[in-house]
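Visitor: could you work out the structure for the sequence below:
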Amino acid sequence: MYFLTFGIGVIILIWSMQLYLLNHSYEDMKTKEVARVASLITRAYTQGNENLTSSIQELSINNDFYVMMESNAGYLYFSPEAETRMPVYSYIAHAPQLKSMLEKSQRLPVSFKISDGREKYSTLAYGCILDSTPGNHVYLYIFSPLYPVSSTINILKDQLLTVTFITLIIAFLLSLYFAARISRPLQSMTATARQMGKGNYNVKFEGNSYSEINRLAGTLNTAAYELGMADHRQKDLIANVSHDLKTPLTMIRSYAEMIRDLSGDKPEKRNAHLKVIIDETDRLAQLVSDMSAITAMQQHKVKLDKTVFDLTEMAAAHLASYEILTEQEGYTFQFSAQKDCLVYGDEARIRQVIANLTGNAVKYCGEDKVIIVNVRRIGKRCRFEVTDHGPGIKADELPHVWDRYYKTSSHFARQTEGTGLGLSIVKEILTLHHANYGVESKEGKGSTFWFELEMGRREKEKVVLDPTIDIPQDPAFIEEIVE
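Guide: Model prediction:
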């Protein structure tokens, strides 16, 4: 409808311009043409052109004008030689009117239209002064027939009717084509969106149209995929949380009943059963704590206490806590680090990140029980990375290892204890630090988790001495205080 309305509006404009404004445009054009010819004759006369008569004769014939000049000596006629032309003296009767108008116009050009009814057309009468020196006044009169344009208008009407008919048909066909090409994929997308709204995220939006609609289809396909993954993860989250809550609650109830019915009077068994209850309670508390921590970080309710600290020292201190695994279970920790890897961040939170990544590497390190930890500088950042030789992770599962409760395929399922929120916590902490992080893994060869923090610089510590205390002015003594 918009396209057809636009086409009809253009046609109406063309009709108005060609038919209703044609007469006015024609008269305006003739007036300008007469003024131009008068300007040429005036220039030739003032310059004393010897061929003035022949020039006026030529201009008169070429432009279909009748030229007449009047001076003190009388009239000078310049009429075309063609026998079919009206002689210029036919317009002598209108010369006094032009002369009178020129005298009143303070020598400015004047014009008027002659319509005496004897001819089928009107005539444009134009006058100007060529010479106004004392004793010698020369006037120029030009008469230009204004032929009727009715025949031309009739021809234009016939042509415009044909053009209008063809234009409307083409506009209608084009509007149908464009409307179908635009609306058909949109209607299809609407139907597909309804299916997605009912919970079917395995839909596909088809574009096959303009680039904007194709981009919209691609965006909606991405949204459908992400919503499907979110729905899947939500169901997994509920299932895993339910399982994680159900198992310790069942054990707590079972061991409590055992204490009531069996081991209440036996201190050794009672204490063992109570220890299980306490351990399971601690596990529940840790699960709730981890979930609360992730929620707080995602809502930006956690404020970081950033300082400058040595990432190498932190990593070395944490690896020292695994000495018991080296001695009792045969684990091997390969640690390579550069000195003075100073970074700027929340020391406690980054320690939590290192503990989570290293703990995962210990759990999934593979049969060789080798864990490789590297700390090094890369440009203006310090990079921490931990590598294991475990089963690895599939390439299509790598982007999701940071999600809550996400589990890799069953073949690589890691049957270990924990809340399942460790990597999610790592992701949120590193996001708050605006740190780079990632994971590289190959199936059967192991995984490398890493993160990078901006380097920091420690300012020199300043020692402020109390002036009321008498301190020996010994440089060595001052240096010892500073240390």
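Visitor: alpha carbons only for contacts and neighbour counts from here, please
Guide: Noted.
Visitor: is it true that residue 440 lies in a helix?
Guide: No. Residue state for residue 440 (DSSP: H, G, I helix; E, B strand; the rest coil) corresponds to strand; a helix is not indicated.
Visitor: against residue 309, how distant is the spatially closest residue to it that is not a sequence neighbour?
Guide: Distance criterion CA to CA, 6 or more residues apart in numbering; nearest residue to residue 440, sequence neighbours excluded, is residue 448 at 5.1 Å. For residue 448, the distance to residue 309 equals 24 Å [CA to CA, to the nearest Å].
Visitor: what of residue 174?
Guide: Taking CA to CA, one finds residue 174 at 70 Å from residue 309.
Visitor: buried sites along stretch 224-235?
Guide: 224-225, 227-228, 233 (16 or more other CA atoms under 10 Å).
Visitor: need phi/psi at residue 124.
Guide: Main-chain dihedrals, residue 124, degrees, to the nearest 10: phi -90, psi 120.
Visitor: check residue 198 too.
Guide: Main-chain torsions, residue 198, degrees, to the nearest 10: phi -90, psi 0.
Visitor: returning to that earlier point: what's the farthest-apart pair in the buried residues of stretch 224-235?
Guide: 224 and 233 (14.0 Å; CA to CA).
Visitor: tell me which helix or strand comes right after the strand or helix carrying residue 217.
Guide: Assigned by DSSP states H and E, residue 217 falls within helix 211-258. Next in sequence after helix 211-258, counting helices and strands by DSSP H and E, comes helix 267-298.
Visitor: packing partners of that following helix?
Guide: When contacts are defined as 3 or more CA pairs under 8 Å, 6 or more residues apart in numbering; DSSP states H and E, helix 267-298 sits against helix 211-258, helix 422-432.
Visitor: next, the angle from the first one to helix 267-298.
Guide: Counting by axes from the mean of the first three to the mean of the last three CA atoms, to 10 degrees, helix 211-258 lies at 160 degrees to helix 267-298.
Visitor: so how far is helix 211-258 from its chain's centroid?
Guide: 32 Å (CA atoms, centre = their mean, to the nearest Å).
Visitor: now do stretch 379-386
Guide: For stretch 379-386, the distance to the chain centre is 33 Å (CA atoms, centre = their mean).
Visitor: contacts for that stretch next, please.
Guide: 311, 341-343, 357-358, 361, 371-377, 448-455 (CA atoms under 8 Å, 6 or more residues apart in numbering).
Visitor: report how many residues lie close to residue 438.
Guide: 15 (other CA atoms under 10 Å).
Visitor: bridging residues for it?
Guide: For residue 438, the beta-bridge partners under DSSP bridges are residue 450.
Visitor: which residue of the protein lies farthest from its centroid?
Guide: Centroid-distance maximum for the chain: residue 73 at 81.5 Å, with CA atoms, centre = their mean.
Visitor: what ranges do the strands span in the stretch 1-150 of the chain?
Guide: Per DSSP state E, counting those that start in this stretch, the stretch 1-150 of the chain carries strands over the ranges 66-71, 74-78, 110-114, 122-133, 136-146.
Visitor: re the thing from before, ok, now which ones touch the residue nearest to residue 440?
Guide: Per CA under 8 Å, 6+ apart, neighbours of residue 448: 385-388, 439-441.
Visitor: need the buried ones from these selected in PyMOL.
Guide: Restricted to buried positions by 16+ other CA under 10 Å, the PyMOL selection for the contacts of residue 448 reads:
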select buried, resi 385+386+387+388+439+441
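Visitor: residues near the residue lying closest to residue 366 once chain neighbours are set aside, how many?
Guide: In space, and not counting its chain neighbours, residue 366 is closest to residue 390: 4.0 Å by CA to CA, 6+ apart. Look at residue 390: counted by other CA under 10 Å, it has 25 neighbours.
Visitor: wait, what's in contact with residue 390?
Guide: Here residue 390 is in contact with 364-367, 444-447 (CA under 8 Å, 6+ apart).
Visitor: which sections of the stretch 251-400 of the chain are below the confidence cut-off?
Guide: 264, 290, 294-295, 298-301 (pLDDT under 70).
Visitor: just to be sure, the residue nearest to residue 366 is in a helix?
Guide: No. Assigned with three-state DSSP, residue 390 falls outside any helix and is coil.
Visitor: so how far is residue 336 from it?
Guide: For residue 390 relative to residue 336 (CA to CA), the value is 20 Å.
Visitor: neighbours around the closest residue to residue 305 other than its chain neighbours, how many?
Guide: Computed as CA to CA, 6+ apart, the closest residue to residue 305 that is not its neighbour in sequence is residue 346, at 5.0 Å. Residue 346: 18 surrounding residues under other CA under 10 Å.
Visitor: which ones are touching residue 346?
Guide: With CA under 8 Å, 6+ apart, residue 346 has these contacts: 304-307.
Visitor: closest one of those residues to residue 284?
Guide: residue 304 (26.1 Å).
Visitor: if we ignore the residues flanking it in sequence, what's nearest that closest one?
Guide: Excluding its sequence neighbours, the residue lying closest to residue 304 (CA to CA, 6+ apart) is residue 346, at 5.6 Å.
Visitor: phi and psi next, for that neighbour.
Guide: According to degrees, to the nearest 10, residue 346 has phi -80, psi 110.
Visitor: distance check, it against residue 308.
Guide: 8 Å.
Visitor: repeat that for residue 109.
Guide: Residue 109 is 91 Å from residue 308, by CA to CA.
Visitor: do residue 364 as well
Guide: Taken as CA to CA, the span from residue 364 to residue 308 is 32 Å.
Visitor: and those two? Which one has more around it.
Guide: Set residue 364 next to residue 308 and count neighbours by other CA under 10 Å: residue 364 wins out with 23 against 17.
Visitor: which residues touch that one?
Guide: Residue 364 sits in contact with 388-391, 414, where contact means CA under 8 Å, 6+ apart.
Visitor: can you list these in TSV and add distance to residue 1?
Guide: Compiled in TSV, those are given as follows (distance: CA to CA, whole Å):
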residue	distance to residue 1
388	67
389	67
390	66
391	64
414	63
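Visitor: what's the closest of the residues you listed to residue 324?
Guide: Checking the contacts of residue 364 against residue 324 with CA to CA, the nearest one is residue 388 at 18.6 Å.
Visitor: next, work out how far apart the closest one and residue 382 are.
Guide: Taking CA to CA, one finds residue 388 at 20 Å from residue 382.
Visitor: likewise for residue 322?
Guide: For residue 322, the distance to residue 382 equals 23 Å [CA to CA].
Visitor: who's more crowded, those two?
Guide: The neighbour comparison of residue 322 against residue 382 (other CA under 10 Å) goes to residue 382, with 24 against 16.
Visitor: pretty sure that one sits in a helix.
Guide: No. Counting by three-state DSSP, residue 382 falls outside a helix, being strand.
Visitor: list the beta-bridge partners for it.
Guide: Beta-bridge partners for residue 382, by DSSP bridges, are residue 377, residue 453.
Visitor: now do the contacts for residue 348.
Guide: Residue 348 makes no contacts at all, as judged by CA under 8 Å, 6+ apart.
Visitor: for it, what are phi and psi?
Guide: For residue 348, the backbone dihedrals (degrees, to the nearest 10) come out as phi -70, psi -40.
Visitor: show me what the helix holding residue 217 is packed up against.
Guide: helix 150-197, helix 267-298.
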